[in-house]
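S.K.: When you get a sec, could you give me coordinates for this:
(2 chains)
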Number of protein chains: 2
Amino acid sequence: MFTRRTMIAAGPAVAASAGLAQAQSPTPAPAAATAAAGQAPGFYRYKVGDAEVTAVNEGFFSRPLDGFVRNAELADVKKAATDAFLPDTALPIPFTTSVVKLGGKTILIDTGFGDNGPPTSGRWMANFRAAGFDPAKVDAVVISHFHADHISGLRLKDGTAQFPNAEVMVPEAEWAFWMDDAKMAAAPDAAKPAFANVRRVFGPIAKDVKRYDAGKEIMPGLTSVAAYGHTPGHTAHMLSSGGKNLMLVADIANHPALFVRNPTWSAVFDQIPDMARDTRIKMLDMAASERAQVVFYHAPFPATGHIAKEGAGFRFVPVQWTPAV
Amino acid sequence: MFTRRTMIAAGPAVAASAGLAQAQSPTPAPAAATAAAGQAPGFYRYKVGDAEVTAVNEGFFSRPLDGFVRNAELADVKKAATDAFLPDTALPIPFTTSVVKLGGKTILIDTGFGDNGPPTSGRWMANFRAAGFDPAKVDAVVISHFHADHISGLRLKDGTAQFPNAEVMVPEAEWAFWMDDAKMAAAPDAAKPAFANVRRVFGPIAKDVKRYDAGKEIMPGLTSVAAYGHTPGHTAHMLSSGGKNLMLVADIANHPALFVRNPTWSAVFDQIPDMARDTRIKMLDMAASERAQVVFYHAPFPATGHIAKEGAGFRFVPVQWTPAV
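M.R.: Predicted coordinates:
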């Protein structure tokens, strides 16, 4: 056990074995309490060719590890968390959206929860504004899939549209699944709130929502890429500008410490687990081979980095923070 | 090669092999130009027991890899950078100080360059103020060693003391070396500016500088730890509060992608290379064994994380950013 005495007794060299307790303990705390303590605003800007991307963090949710991975022993899941120096009881899963300025347009990719999320989220609008953005000036909102943490921020609880002047663009395959009343009726009770939330968010603007197919350039420089499995129509996006590319892979993997390191593991959020696994491995392998810069919605903020092959899986290597945008 | 056509042709599954160019390219740029582009302020707050630590970034310096490592082939050094998805010509080496609020005191550990640094540094005071600090209210400045990037900010080029009300605390062994006129006279010409800078910084306050020994609790909760080799008196610090510990290891290793992964490599900045190597390996081994949270001055911002053993070396695992201080 480390004591001040042992450190001092170690003399002019380094204390040989000081039992240093682990200082990091990211426990959940309500947004109001932590905002007062004054963390830096959660945005990070970087360039991809002539495009400027801004990662905007919404907060996190502490997900208990027990029951999180369908096909792995809890002890192995805890070990993966411990190996990443993360808590082995509940894992803080971050939410980070991407704002893309490209060709004079401001494009938001996924919205976060808005005011519909858990108490450890709810920081998105403050961070978005701190980054200099105005929700009324968002030209397009591009949605990857219809899970609540990606779409709820389109509409506040009181019904207000948060991005009143934005064209809303969604995957056709996602729309076809979630807006199908037969699918909703057939869904287990636990899944029905997700269908209801889709209707809450998109119902009032259904006729104006622009549905896009996979494998299309949905606007200049932004191409949709089918990445099905997490949800039936889950879609990734390739941003291309000035000879550079960025692959926004959304939820092909949840927290990288678990699902990039162990790509065969299935999170309970994956709706079609085998398809999600195949998509995950294929895209991670492609990213590793091509040394592509990727963005995961649930990677540690600022949620962008690269993929290295390692053992039977992969490793997410975050970008080095730089003040030089 | 990736083209829009190949991505679209890939159809409903993921494009099998899209030649994604690497988007990240942290090239150096002058402070003025990049500040206008609006990166988030470079500070990050976290708790260690009852203490609050704030990492404050000053910027970076792009160090050419050629000639950087004394005892490794350039090809191997380039490979280490490439493996970390960093540029293989010049490596951006960040500068990050630590501000510790402990027992009612505000303690700054190392100062950065102030206005004496390269054009890609110089952001420290803006970040320090953005974090809510006032240089006039710093109670103590604790110095790890006398290299220019750690001390120059004590005094601006025009002679102004930046922390006029702070007690300045320095390692006795460091003072003994650098303030020795015989050592300065004996030093090679290339080393003389470093001696001159020490005199520029400390000369006007020499009688008030408090010199501390290694292995002492230099103030309640902060213990000095001899970590000699990088410089003759290079000193680490152990912060202890509420049963938690944080090891601030300063420059026992320069950029982790090179010198934590390859702890036998010697940076040209290490003045006593063999001693620096022994200290580095001993402290990294201790940190890994104890799962200690560590702070490196030259790790990617926010410069704090943990050490995992890996192969013949170690891996620096950054903490997961959290808004919950």
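
S.K.: how about the helices of chain A, start to end?
M.R.: In chain order, chain A shows helices spanning A:4-9, A:31-37, A:74-83, A:124-130, A:148-151, A:172-178, A:181-186, A:192-202, A:256-259, A:273-290, with DSSP state H as the criterion.

S.K.: possible to save these as CSV with mean neighbour count?
M.R.: The way it works is simple: take the backbone N, C-alpha and C, and place the C-beta from them, glycine included. Below are the helices of chain A laid out as CSV (neighbours: other C-beta atoms under 10 Å in any protein chain shown):
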stretch, mean neighbour count
helix A:4-9, 14
helix A:31-37, 14
helix A:74-83, 16
helix A:124-130, 21
helix A:148-151, 24
helix A:172-178, 20
helix A:181-186, 11
helix A:192-202, 17
helix A:256-259, 24
helix A:273-290, 20
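
S.K.: What's opposite A:Thr96 in the beta bridge?
M.R.: Following DSSP bridges, A:Thr96 is listed with bridge partners A:Asn57.

S.K.: contacting residues for it?
M.R.: For A:Thr96, the contacting residues are A:Gly42, A:Ala55, A:Val56, A:Asn57, A:Glu58, A:Tyr297, A:His298, A:Ala299, A:Phe301, A:Pro302, A:Ala303, by C-beta atoms under 8 Å, 6 or more residues apart in numbering or on different chains.

S.K.: where does it land on pLDDT?
M.R.: Predicted confidence (pLDDT) at A:Thr96: the value is 98.

S.K.: now swap in the one 5 residues further on and tell me
M.R.: In the predicted model, A:Lys101 carries a pLDDT score of 97.

S.K.: now swap in A:Ala23 and tell me
M.R.: For A:Ala23, the model assigns a pLDDT of 38.

S.K.: try A:Lys105
M.R.: On the pLDDT scale, A:Lys105 gets 97.

S.K.: The spatially closest residue to it that is not a sequence neighbour and chain B, how far apart?
M.R.: Beyond its immediate neighbours in the sequence, the residue positioned closest to A:Lys105 (C-beta to C-beta, 6 or more residues apart in numbering or on different chains) is A:Asp139, lying 4.4 Å away. Shown here: A:Asp139 relative to chain B, a distance of 19 Å by C-beta to the nearest C-beta, to the nearest Å.

S.K.: ok now do A:Asp139, which residues does it touch?
M.R.: When contacts are counted by C-beta under 8 Å, 6+ apart, A:Asp139 touches A:Lys105, A:Thr106, A:Ile107, A:Asn165, A:Ala166, A:Glu167.

S.K.: Roughly how far does the closest residue to the last one other than its chain neighbours sit from chain B?
M.R.: Distances taken as C-beta to C-beta, 6+ apart put A:Ala140 closest to A:Glu167, at 4.7 Å, once the chain neighbours are dropped. Summarising the geometry, the distance separating A:Ala140 from chain B, computed by C-beta to the nearest C-beta, is 19 Å.

S.K.: Can you name the residue of the stretch 51-200 of chain A nearest to chain B?
M.R.: Scanning the stretch 51-200 of chain A for proximity to chain B using C-beta to the nearest C-beta identifies A:Phe85 as nearest, at 4.2 Å.

S.K.: residues near the closest residue to chain B within the stretch 201-325 of chain A, how many?
M.R.: Relative to chain B, the nearest point of the stretch 201-325 of chain A is A:Ala292 (3.4 Å; C-beta to the nearest C-beta). A:Ala292 is surrounded by 23 other residues when neighbours are defined as other C-beta atoms under 10 Å in any protein chain shown.

S.K.: and the gap between it and A:Thr223?
M.R.: In this view, A:Ala292 and A:Thr223 are 14 Å apart by C-beta to C-beta, to the nearest Å.

S.K.: show me where chain A has strands.
M.R.: When secondary structure is read from DSSP state E, chain A shows strands at A:43-48, A:51-64, A:90-102, A:105-109, A:140-142, A:167-171, A:210-212, A:217-219, A:222-226, A:235-241, A:244-250, A:294-296, A:304-310, A:313-318.
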